[in-house]
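>>> Sharing a sequence plus its predicted fold:
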Amino acid sequence: MTTIELVQGDITRESVDAIVNAANSSLLGGGGVDGAIHRRGGPAILEECRKLRASQYGKGLRTGQAVATTAGDLDARWVIHTVGPVFSATEDRSALLASCYRESLRVADELGARTVAFPAISTGVYRYPLEDAARIAVDTVRAARTDVEEVRFVLFDERAYETFARQLR
Ligand code: AR6
């Protein structure tokens, strides 16, 4: 049984086994939550990302996939990087967004992580509508078969927090 918790705040302040990063396929950093994770986590995370790019992920990480690195100076053992879809008004990309949550939990299981914090993937720079993104996030985690005991959605602002809270009710 996986319990779902909601927190409003900065995901880089969480103490969990794994923090999920809403990355881009380059794995080399960016703005938003990605920038915050690299800033607070320090250079060890980027160093491992560069190694991934030099080995298995020469072309980068595909949308909907997930891969883990060290969490550097964060209060976590791992960062799980996943790439959400850029929202499109003409193409349904919800399966790719669901895949981010499912694949991140699969990687968490491989690592033996029991507590995992997720941001609201794709709802910033990638413009996914919050309502749809929250429904996909909650439904996918609820349906997942995983050994993760606690999933914590960490929502940056009150609007995102309230939207996720409505989905959980
Ligand atoms: N803690 C928790 N949530 C946060 C934080 C934080 N510190 N900072 C922002 N958010 P975004 P995306 C929220 O743009 O849409 C990056 O440049 C934010 O309010 O970080 O998946 C990557 O490198 C929003 O609700 O990610 C990619 O290029 C959510 O996190 C691209 O952005 C996601 O916003 C990915 O875009």
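Ah, there it is.
>>> Confirm residue 36 sits in a helix?
Yes. Assignment of residue 36 by DSSP: H, G, I helix; E, B strand; the rest coil places it within a helix.
>>> Pretty sure it sits against residue 12.
Yes. Shown here, residue 36 and residue 12 form a contact pair, counting by C-beta atoms under 8 Å, at 5.1 Å. From N, CA and C alone the C-beta is placed, and that goes for glycine too.
>>> quick one, which of these two is more surrounded?
More crowded of residue 36 and residue 12, by other C-beta atoms under 10 Å: residue 12, with 23 against 17.
>>> residues from the protein in reach of the ligand?
Contact residues, the chain versus the ligand (C-beta under 6 Å from any ligand atom): 10-12, 22-24, 30-34, 36, 84, 119-126, 154, 156, 160.
>>> cutoff 5 Å now
10-11, 22, 24, 30-34, 36, 84, 119-120, 122-126, 156 (C-beta under 5 Å from any ligand atom).
>>> ok, which stretches of this protein are helices?
Per DSSP state H, the chain carries helices over the ranges 32-41, 43-54, 94-111, 130-143, 158-168.
>>> nearest to residue 75, of those helices?
Between residue 75 and the helices of the chain, the shortest separation by C-beta to C-beta is 9.6 Å, and it involves helix 32-41.
>>> What residues of the closest one count as buried?
Neighbour counts over helix 32-41 (16 or more other C-beta atoms under 10 Å) mark 32, 33, 34, 36, 37, 38, 40, 41 as buried.
>>> May I see those residues organised as CSV, with pLDDT and distance to residue 104 added?
Listed next are these as CSV, based on pLDDT from 0 to 100; distance: C-beta to C-beta, whole Å:
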residue, pLDDT, distance to residue 104
32, 98, 17
33, 98, 13
34, 98, 14
36, 98, 17
37, 98, 14
38, 98, 18
40, 98, 19
41, 98, 17
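>>> which of those residues lies closest to residue 137?
Nearest to residue 137 among the buried residues of helix 32-41, with distances taken as C-beta to C-beta, is residue 33, at 13.9 Å.
>>> which residues touch residue 42?
For residue 42, the contact set (C-beta atoms under 8 Å, 6 or more residues apart in numbering) comprises 72, 73.
>>> Look up how far residue 59 lies from it.
26 Å (C-beta to C-beta, to the nearest Å).
>>> just the buried members of the residues of the chain next to the ligand?
Listed as buried from the residues of the chain next to the ligand are 11, 22, 24, 30, 32-34, 36, 84, 119-120, 122-124, 126, 156; burial here means 16+ other C-beta under 10 Å.
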